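# Sequence and computational prediction follow.
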Amino acid sequence: MTKYLIVHSWKGKIEYQTPPKSPNARQNVRMASGPALPDSLVLEIFLHLPHDAVLSAGLTCHQWLAVSRDEFLWRELFYSYYRIPRSVPRHPAAISWYREFKRLFDCIPCVEVQTLKEHHDQVLHLAFSHRGHRFSSCSKDCTVKLWDTEQPNGSIALVHSSSMRQFNWGYTQFSQFNADDSLLLVSGVYLGPHQSSSGEIAVISLENYTLLSRVRNKPYDVFGCWLNETHLISGNLHWIGNMTSCSVLWLNKAFQDVESENVNVVKRLFKIQNMNASTIRTVMVAHSQRHDSPDLLLDYEAQSQARAELERTGQRHHPLLFDLGTSDSEEEEDEEEEGEEEEGERRMYPRPAHIALGLGMRLGHMIQGQCSAAEGEMELESRVAQFMGKTRTRCPDSTLLTPSPSGETEDKTYLLFTTGSLTHSPHQIGIKRIRPDQMTTCGPVLGEERSSEEFFDSLDHVIDIHGHIIGMGLSPDHRYLYVNSRAWPAGCVISDPMSPPPIAEEIDLHVIDLKSLREERRSLRAHRAFTPNDECFFIFLDVSRDFVASGAEDKHGYIWDRHYNICLARLRHDDVVNSVAFSPADQELLLSASDDSTIKVWRSPRMVQLAQAPPRRAPTRRLLSWLLEKRNADATNLNGKP
């Protein structure tokens, strides 16, 4: 039963009673309570009440209603209820403390409104279209399904399902809509000969659901991504020595057309050396022009203070880089034949004839046994590849952090991916700029534009997470990259690349500013995982304008506020939550996918209340006719006519 507050000032006590049922009864209660209290005393009392009691008390009279909307009151309620440090300022776009409290209380998609059970195995990934009118789902049942979110009754319905078993796929694992929502990229695991597995990407037309093309993708956890409306990025992996490989990233045209005989449909983007059994995985594309007007700025107060201090002292601003890795690890050349190689194949790397003299003498000493006798053939092979890679790698792009001249704006496109240099588990974020001339398959192919001495591309920037990366997601404005990782122990030393350090059960959510390439030290920790290194789940996360959400192995999804850095909701499933997705058209709609073979639909309490509210009755025609007749009659009387 709802209660409200009555204060007896002459008795000095507070009583809770049921609210009166009519305005007159409320007035009678107020009159019976004695003379009106000063606003300051009512405010002091409200400060000791929970927010729902304050709202109920505000229904008592006009005075209490005015006090119950006081900004100072709701500021105190806001910080105490959500347990936010008072050093964190209010969201810069907030209108008032009361509305900000209401936003976090009523606008979080935490109410389960529908459970979709059309999949028959673990659901691995969810992806919305850019318009938000549809979404796709991938599953261990080897299907990709398309769903409609614009049903008249507000529910979600299945509109199409495609099975990929006919192409010898084991399962579908990832999907992504292109920029105009006309094509769907579907990534899956391809079952090859001799129990080997690689990946494959399929492109499906959303006009008639026909398969337009299939692209090889190796390893399969590269996933693939769209570069623009018509071109997608895939990967290939070539082993060139012991724990040494070469990752080649390809640009592919999504479909062949009449001009395909004269125009390239595939082109090599980058060729990057991997060391210590690591590979490039989880590629995604970020466009810098989208964060010119960011949704929000994390730690904006500290940034403004730092800028003011620099201006006061007359110093030039230099961004602080969080760069714990280097890109010179470990590039080596690969004169691979572009034919297909079975998983796990390795071959010795050929020695170029025009190698530098100093390096040649060093290699000669190694081969003649003048180096440590403990260096076996496999270690020797790795050292040879490393030396060659360092001398045959293209220099990094020096303009990555260089600001454009004043008055000029240059749109930059970055390729982001996970990689490593110390062990096979992904622990670094690699960043490589894609130039405008590289965004089409026209022009030279297979790196013909390179110098004959440049075999590899170096990474333009590397950020070390110091832990096993298990998920990444971009903010809608592409300003921030959110990274799920399971941390390594502090101070750990990796001596064997094949034996990475143990990983924590807690999942840390890191935030990287892609404008300054700095990690914001505001990592979130409210979800857990339990599997060891070799069985680690990939947990997809998603970011909306105000919130970030992630799955977890503890059978829950989680939602945080991006500005206040607090956990707002836990979304329950019966098994591991693999993926979450916000609707880009309405962040109060969230989906979660789980190993329990279901997709759950979550909406905010505000949207649920609006959907359940009875519709307002429109004025009937009879009433409108009566009003028109009455108006005409009144006009006639005023004119003095019968």
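Yep, it's here. Numbers count the residues shown, from 1 in each chain.

# quick one: the nearest residue to residue 101 once chain neighbours are set aside from residue 54, how far?
Nearest non-adjacent residue to residue 101, counting by Cβ to Cβ, 6 or more residues apart in numbering: residue 78, 4.9 Å away. C-beta coordinates here come from the backbone N, C-alpha and C atoms, glycine included. Residue 78 sits 12 Å away from residue 54, going by Cβ to Cβ, to the nearest Å.

# Which one's more surrounded, these two?
residue 54 (24 against 20; other Cβ atoms under 10 Å).

# pretty sure the more buried one is touching residue 76, no?
No - contact criterion Cβ atoms under 8 Å: residue 54 and residue 76 do not qualify, at 10.5 Å.

# so how far is residue 585 from the nearest residue to residue 210 once chain neighbours are set aside?
Spatially, and ignoring its direct neighbours in sequence, residue 210 is nearest to residue 204 (7.1 Å; Cβ to Cβ, 6+ apart). Per Cβ to Cβ, residue 204 is found 22 Å from residue 585.

# Between the two, which is the more surrounded one?
Between residue 204 and residue 585, residue 204 has the larger neighbour count (other Cβ under 10 Å), namely 23 against 14.

# Could you double-check that the more buried one sits in contact with residue 213?
No - in this structure residue 204 lies outside contact range of residue 213 using Cβ under 8 Å: 9.5 Å.

# so how far is residue 486 from residue 548?
Using Cβ to Cβ, we find residue 548 at a distance of 17 Å from residue 486.

# ugh, wrong one, residue 422
Counting by Cβ to Cβ, the gap from residue 422 to residue 486 is 15 Å.

# If you count surrounding residues, which of those two has more?
Legend: neighbour count by other Cβ under 10 Å for residue 422 and residue 486, higher for residue 486 (25 against 21).

# Could you write out the alpha-carbon coordinates of stretch 271-281 in PDB?
Output in PDB follows, covering the C-alpha atoms of stretch 271-281 (Å, rounded to 0.1, in the frame of the first residue of the first chain):
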ATOM      1  CA  LYS A 271      50.600  -8.100 -44.500                       C
ATOM      2  CA  ILE A 272      51.700  -8.200 -40.900                       C
ATOM      3  CA  GLN A 273      54.200 -10.500 -39.200                       C
ATOM      4  CA  ASN A 274      53.200 -12.400 -36.000                       C
ATOM      5  CA  MET A 275      55.600 -13.700 -33.400                       C
ATOM      6  CA  ASN A 276      55.200 -16.100 -30.500                       C
ATOM      7  CA  ALA A 277      52.300 -18.000 -32.100                       C
ATOM      8  CA  SER A 278      50.100 -15.000 -32.000                       C
ATOM      9  CA  THR A 279      47.700 -14.000 -34.800                       C
ATOM     10  CA  ILE A 280      45.500 -11.100 -35.800                       C
ATOM     11  CA  ARG A 281      41.900 -11.600 -34.800                       C
END
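
# Each with direction, which strands does the helix or strand residue 233 falls within pair with?
Per DSSP states H and E, residue 233 falls inside strand 231-241. Using DSSP bridges, the strands paired with strand 231-241 are strand 225-226 (antiparallel), strand 244-253 (antiparallel).

# for that strand, what is the average pLDDT?
Averaged over strand 231-241, pLDDT sits at 92.

# follow-up on the earlier one: what about the residue nearest to residue 210, which helix or strand?
strand 197-205.

# Mind listing what's buried along that strand?
Neighbour counts using 16 or more other Cβ atoms under 10 Å place 198, 199, 200, 201, 202, 203, 204 of strand 197-205 among the buried residues.

# Can you tell me, leaving aside adjacent residues, what's nearest to the first one?
Take residue 198 and drop its neighbours on the chain: the residue closest to it by Cβ to Cβ, 6+ apart is residue 218, 4.6 Å away.

# Repeat that for the third one.
Sequence neighbours aside, residue 190 is the residue nearest to residue 200 in space, at 4.2 Å (criterion: Cβ to Cβ, 6+ apart).

# if I pick the one you found, what's in contact with it?
Residue 190 sits next to 167, 168, 169, 170, 197, 198, 199, 200, 216, 220 when contact means Cβ atoms under 8 Å, 6 or more residues apart in numbering.

# Equivalent analysis for residue 186, please.
In this structure, residue 186 makes contact with 136, 138, 144, 162, 164, 172, 174, 175, 201, 202, 203, 204, judged by Cβ under 8 Å, 6+ apart.

# separation between the last one and residue 168?
Think residue 204. To residue 168, residue 204 is 17 Å away according to Cβ to Cβ.

# likewise the third one?
To residue 168, residue 144 is 16 Å away according to Cβ to Cβ.

# The two: which has the busier surroundings?
residue 144 (25 against 12).

# Tell me the buried residues in the helix or strand harbouring the more buried one?
Using DSSP H and E, residue 144 maps to strand 143-148. Using 16+ other Cβ under 10 Å as the test for burial, strand 143-148 gives 143, 144, 145, 146, 147.

# tell me the angle it makes with strand 197-205.
In terms of direction (axes from the mean of the first three to the mean of the last three Cα atoms, to 10 degrees), strand 143-148 departs from strand 197-205 by 30 degrees.

# who does strand 143-148 pair up with?
Paired with strand 143-148 in the same sheet, following DSSP bridges, are strand 134-139 (antiparallel), strand 157-163 (antiparallel).

# Would you double-check that residue 40 falls in a strand?
No - assessed with DSSP: H, G, I helix; E, B strand; the rest coil, residue 40 is helix; it does not lie in a strand.

# All set, thanks.
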